[in-house]
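A.B. asks: Below are the sequence and a predicted model for it; my questions follow.
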Amino acid sequence: MSEIKIIDMPNWGASMDEGTIIEWLIDEGTEFKEGDELCEIETSKAVMALEAPFDGRIRRFIAQVGETLEVQKPIAVVADVDVSEEEIDQFLSELNYYVQPREES
């Protein structure tokens, strides 16, 4: 099985408890490089761009635009194209983080 990674809501300071996704700057399925801007997050003090902590491909957004999450909560799943949606669902369930399974189209 290929590696699956999570991108978390960052903690940009001692006073930051949560952040709101203002805009995703890339689409699901898009490859990115470390340092690329992935999304804009609003905190109680500012709106900042989250830079990718590693190279990868966004497979699923967990946090949707307008959603507010606590720091260190998952906001996106990163995995290669050969990782199935079922493997991603299983990975998230093992993290005890419920995400509604994708509907088949």
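C.D. replies: All right, it came through fine. This one's a predicted model, so the numbers in the text were calculated from it and none came from an experiment.

A.B. asks: so where do the strands sit in this structure?
C.D. replies: Along the chain, counting by DSSP state E, strands occupy 4-8, 18-24, 31-32, 37-42, 47-51, 56-61, 68-70, 74-79.

A.B. asks: Need the winner for burial among those.
C.D. replies: Sort the strands of the chain by mean neighbour count, taking mean count of other Cβ atoms under 10 Å, and strand 74-79 sits at the top with a mean of 22. No exception for glycine: its C-beta is placed from N, CA and C like everyone else's.

A.B. asks: Please find the angle between the direction vectors of that strand and strand 37-42.
C.D. replies: In terms of direction (axes from the mean of the first three to the mean of the last three Cα atoms, to 10 degrees), strand 74-79 departs from strand 37-42 by 170 degrees.

A.B. asks: Just checking: what are the partner strands of strand 74-79?
C.D. replies: strand 4-8 (antiparallel), strand 56-61 (antiparallel) (DSSP bridges).

A.B. asks: can you redo the strands of the chain as a markdown table with mean pLDDT and distance to Ile88?
C.D. replies: Below are the strands of the chain laid out as a markdown table (pLDDT from 0 to 100; distance: least, Cβ to Cβ, whole Å):
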| stretch | mean pLDDT | distance to Ile88 |
| --- | --- | --- |
| strand 4-8 | 95 | 6 |
| strand 18-24 | 96 | 17 |
| strand 31-32 | 96 | 17 |
| strand 37-42 | 97 | 18 |
| strand 47-51 | 96 | 20 |
| strand 56-61 | 96 | 6 |
| strand 68-70 | 93 | 18 |
| strand 74-79 | 95 | 6 |
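
A.B. asks: Tabulate the ones you listed (a markdown table), appending distance to Glu94.
C.D. replies: Below are the strands of the chain laid out as a markdown table (distance: least, Cβ to Cβ, whole Å):
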| stretch | distance to Glu94 |
| --- | --- |
| strand 4-8 | 10 |
| strand 18-24 | 24 |
| strand 31-32 | 24 |
| strand 37-42 | 24 |
| strand 47-51 | 24 |
| strand 56-61 | 15 |
| strand 68-70 | 19 |
| strand 74-79 | 12 |
